[in-house]
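Student: how does the following fold in three dimensions:
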Amino acid sequence: MFQRDFIMNEARKFALMLAKLLGLKAEGEYEEYLKYFNEVLDEEYNAELEGLLKLDEEGFKKHLIDAGYTSEKLNALGQMFYVFAEPFNNDDKTAGILDKVLIIFNLLETQHHYESFDNITKRNTIYNYFKNTHDRT
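Tutor: Numbers count the residues shown, from 1 in each chain. As a prediction, the model looks like this:
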């Protein structure tokens, strides 16, 4: 019972955090959005945005595995990066962020046996982005 309550509280906390991030971004409060994004990364993931973005794919995957995040925490990170990448500009920075989202989704599926329709839809959107802008699938 305690573990279930803990998981529900974690999921609720991350849902509220994502809602706040989405709201700030939608309202055009980019400075506040970026500040809160970095606070969440620091407090919840003990990480910095720039440090995570600089990691290559293998380094990023290793970092995630070594950190041992729960599936809820890992999924929240994937959602945060997905929102951060929007509106999917045709540039290397966006492509790099979306590659990291795919790494997170792959880890969720292979290591945590976690799949969701939302992540499948986002994965397909990312594949379409790469197909249309970077000529890769």
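
Student: ok, and the helix or strand in this protein with the lowest average confidence?
Tutor: Within the chain, no helix or strand scores below helix 2-26, which has a mean of 70 by mean pLDDT, DSSP states H and E.

Student: show the low-confidence segments of this protein, by residue range.
Tutor: 1-11, 136-137 (pLDDT under 70).

Student: how about the helices in it?
Tutor: Assigned by DSSP state H, the helices in the chain fall at 2-26, 30-45, 49-54, 57-67, 71-85, 92-111, 117-133.

Student: just send the ones you listed back as a markdown table, with mean neighbour count too.
Tutor: Just so you know, the C-beta spots here come from the backbone N, C-alpha and C atoms, and that holds for glycine as well. A markdown table is the format used below for these (neighbours: other CB atoms under 10 Å):
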| stretch | mean neighbour count |
| --- | --- |
| helix 2-26 | 13 |
| helix 30-45 | 15 |
| helix 49-54 | 13 |
| helix 57-67 | 14 |
| helix 71-85 | 21 |
| helix 92-111 | 18 |
| helix 117-133 | 14 |
